[in-house]
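Trainee: here's a sequence, model it:
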Amino acid sequence: MAISAAATTARSLIYSVGTPSNSAVSFNGTSLNIDHATCISQHDVVYLSPPRHNSNAMPIGDGDIGATVWCPGYLQMQIQKSDLWADPPPTASPDNPGPAANWRQVSAGAVAIHSEPEMLSGPTKFVQRLSLYTGIMTIQSDGPVGSCQITSFVSATAGVVVIRYQDQTLRNIERHIELSQWRDGHVFALGETVGVLQSLRDRRYAMIARAEGKRCTAKLQDRRTAHLIVEPSRSTSFTVYIATATSARDGDPVAVAKSRIDTAMARGYEELLREHKQHWALFWQKSFVRLRGPQGDPTGEYLENLWHLGLYQLACCMHGYDAPLSNGATWLNAQDLRTGPALYEGPKLRAMIAPLLPSNHLELTVPYVETYHRLLPEVAAKTGTKYGVSGTRFPTVFNRFGVGFDQETAHSAGDGLEAALIVWQAWRYAPDPFFLREKAYPLLRSCTTFVLEHAETCPESCATAAQREKLALALRALLWASLELELDEEMRAGWEAGLRRTGEPTGPYTQDPTVPLDDLTPADASVRLSAWIASHGQTGQGFFTTEPHTPNLAFTGQLCAAVNSILLREERLPEEWAANAPSEILEGFGGMPPGVLRIFPCFPMKWSGGFVLLAPGGFRVVSEANDGVPRYVAVKSMLGGSFRIFNPWGAGVAVKISNGHARVQESDEEILYATAQAGETYTIERTDTQLSRALRVRMTGRRNDGPKILNTNVLGASS
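Mentor: Sure, this is the predicted structure:
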């Protein structure tokens, strides 16, 4: 029987700093025993008053299609697709892309549901909820006119936006579904379908809408607006399906969009809803974070909320053909207005990718990896022409064709090495032979080759210690992979010579600094994290932005990475320990220098919580802490291999490592290590605190039903 969170707290004992007690844990022998549905529902975003302005529009999406939803007296939705590139006209020279401001990614259009009188104009009771566990937005509204219920989601399996609309009134009223476009495209109304068709420079796109459940008649209002007129009635229930499709200039995106709607309607609303819920339920089972501060300190729970909300936001914009833009992705809410041009910035892309690796969502990195891999041949050709060396130089700021917009100088090595290293790191978290051979290795080889050869003619390009460290890491990884894959034997001598010049790297790969909080300590972490959040502009739906119409997804990634870093981190192996360690456990995974995991490295004092995260080498790490002190650590190896971990309770504290009921070893050393078998879970606990005697509970939660507040930040909206 599940035990409530309140009961768990009541039964839990507080750890002392010296010796933790046998308090309750949620560990079930392999992972945490979690009721994901109730735990994730704690982090729903709830508005108790209608979001009248588009700056507070709630986001939904399937990774390719995104929509923002708000209620200016009626339901309003702006829709966008990840590949609606509105490039400037081609210039005389392919190397002259023109002003950065000319490069745009536009929205598809808007859909609204109106009634006469408007059902959402003056509600006496209103609740708009973004359910993270299901990826669904719902509205429940009661007012003088009647009641209204709306359910909306971007289907995870059908590629269409779905809106189920219901209302109850005392008299017949008129309703219509409005499709509009603010640019000059071709808006049409035909039979029971309304839509828009527009040609961009190298593609065409179409957005169409249909409804079922009520008889509707399509009517063209003006050159930018079309209506689906719903037959009048006292109460109504209908479902709107909206599809957006792109094609080549000679393609037929209208036919594609119609086909998607036909397929979705044939499967039916209930089936799409069931599949959508199943998709998101599986998504949340891949990782987990719980943070709880002492009474009077809401920072932990607020951070936990933002971590889950951040993962939701990243997941909703990272399944398209192209990598998402950090300045808005698929969630513009003021027509086509975006902060800055539609250009990629390498550091910001990596900020979005970095938290996905320990969070076990490598599937979301696919558009990032594919974008760089797709551009590799063309950018390599330009690199050879311009620099006269082999390999690939990626600019720091570039358009979707890989043409740079940054201030390039002769001694600049570009951004490619950093991009390739994080792709390599993605492979280290989830080792896959195909990904290694076909994606990670070719990208790292090409980008490293340029940096290495360019440094021979331009030493300034690799003059700083940080630049040499990255090059050394890349060379070490290439030498390992070349042997592992039996490739490029003729290149190894050059790589070895380059490594001798740079010197061995000092530690494992670390992501470019994404948050100014690398020096957090348990004593100051809570205060500094709270101040850091407060210093950035957070809107009611949980976006961080300086402009209300364009969310900053790079900061969302930074925040999620910050949460991950206070729970689990790979650090440099101390030299004094390595000098006396057995040689067989000193090899770093994937060619990287040996690292060691640290559990709760800067976990705030007096906080409690737990996590399920990934670590390099294909290890899943599970742990819980109470009052800032770890209770245990469990490590599961996906592939087998050695792991190293700092003693969670410090050198001199005796611990035992067990595999099930079998004791593997005991130690009181600063660093613990063991060789894991694939698929096996190894538990690390203090010998004076038997985990077997702890009360086992199920992690649960209570659904959030209102706004949350941290200092001046508000998540949600009050009545």
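
Trainee: in the stretch 51-200 of the chain, which spans are strands?
Mentor: With DSSP state E, counting those that start in this stretch as the criterion, the stretch 51-200 of the chain has strands at 58-61, 65-70, 75-81, 85-86, 104-105, 109-116, 125-131, 136-142, 146-154, 161-180, 186-190, 193-199.

Trainee: same check, this time on the stretch 351-500 of the chain
Mentor: Using DSSP E, counting those that start in this stretch, strands in the stretch 351-500 of the chain cover 397-398.

Trainee: give me the low-pLDDT residue ranges for it?
Mentor: 409-410 (pLDDT under 70).

Trainee: repeat the analysis, applying 90 as the threshold.
Mentor: For the stretch 351-500 of the chain, the stretches with pLDDT under 90 are 386-387, 406-414, 456-466.

Trainee: where do the helices sit along it?
Mentor: Secondary structure of the stretch 351-500 of the chain (DSSP state H, counting those that start in this stretch): helices located at 366-387, 416-429, 433-435, 441-457, 465-485, 492-502.

Trainee: and those helices: which comes nearest residue 621?
Mentor: helix 416-429 (11.4 Å; CB to CB). The way it works is simple: take the backbone N, C-alpha and C, and place the C-beta from them, glycine included.

Trainee: what packs against the closest one?
Mentor: Helix 416-429 sits against helix 346-353, helix 366-387, helix 441-457, helix 465-485, with contacts defined as 3 or more CB pairs under 8 Å, 6 or more residues apart in numbering; DSSP states H and E.

Trainee: and those helices as TSV, adding distance to residue 331 and mean neighbour count?
Mentor: What follows is the helices and strands packed on helix 416-429, written out as TSV (distance: least, CB to CB, whole Å; neighbours: other CB atoms under 10 Å):
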stretch	distance to residue 331	mean neighbour count
helix 346-353	13	24
helix 366-387	16	18
helix 441-457	29	22
helix 465-485	33	20
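
Trainee: out of these, nearest to residue 332?
Mentor: helix 346-353 (16.8 Å).

Trainee: just checking, what packs against that closest one?
Mentor: Using 3+ CB pairs under 8 Å, 6+ apart, helix 346-353 is in contact with helix 366-387, helix 416-429, helix 553-567.

Trainee: what do you get if the cut-off is 6 Å, keeping everything else the same?
Mentor: When contacts are defined as 3 or more CB pairs under 6 Å, 6 or more residues apart in numbering; DSSP states H and E, helix 346-353 sits against helix 416-429, helix 553-567.

Trainee: among the helices of the stretch 351-500 of the chain, which is nearest residue 719?
Mentor: Proximity to residue 719 (CB to CB) singles out helix 366-387 among the helices of the stretch 351-500 of the chain, at 39.2 Å.

Trainee: and the closest one, how far from the chain's centre?
Mentor: Helix 366-387 sits 24 Å away from the centroid of its parent chain (CA atoms, centre = their mean, to the nearest Å).

Trainee: kindly report the same for stretch 190-197.
Mentor: The answer for stretch 190-197 is 35 Å, by CA atoms, centre = their mean.

Trainee: re earlier: could the helices and strands packed on helix 346-353 go into TSV alongside mean neighbour count and distance to residue 461?
Mentor: Below are these laid out as TSV (neighbours: other CB atoms under 10 Å; distance: least, CB to CB, whole Å):
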stretch	mean neighbour count	distance to residue 461
helix 416-429	24	11
helix 553-567	25	26
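
Trainee: just put those helices in CSV and tack on distance to residue 248.
Mentor: Formatted as CSV, the helices and strands packed on helix 346-353 follow (distance: least, CB to CB, whole Å):
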stretch, distance to residue 248
helix 416-429, 28
helix 553-567, 29
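
Trainee: before we move on, back to that, any chance of the helices and strands packed on helix 416-429 in JSON lines, with distance to residue 75 too?
Mentor: Below are the helices and strands packed on helix 416-429 laid out as JSON lines (distance: least, CB to CB, whole Å):
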{"stretch": "helix 346-353", "distance to residue 75": "30"}
{"stretch": "helix 366-387", "distance to residue 75": "30"}
{"stretch": "helix 441-457", "distance to residue 75": "44"}
{"stretch": "helix 465-485", "distance to residue 75": "49"}
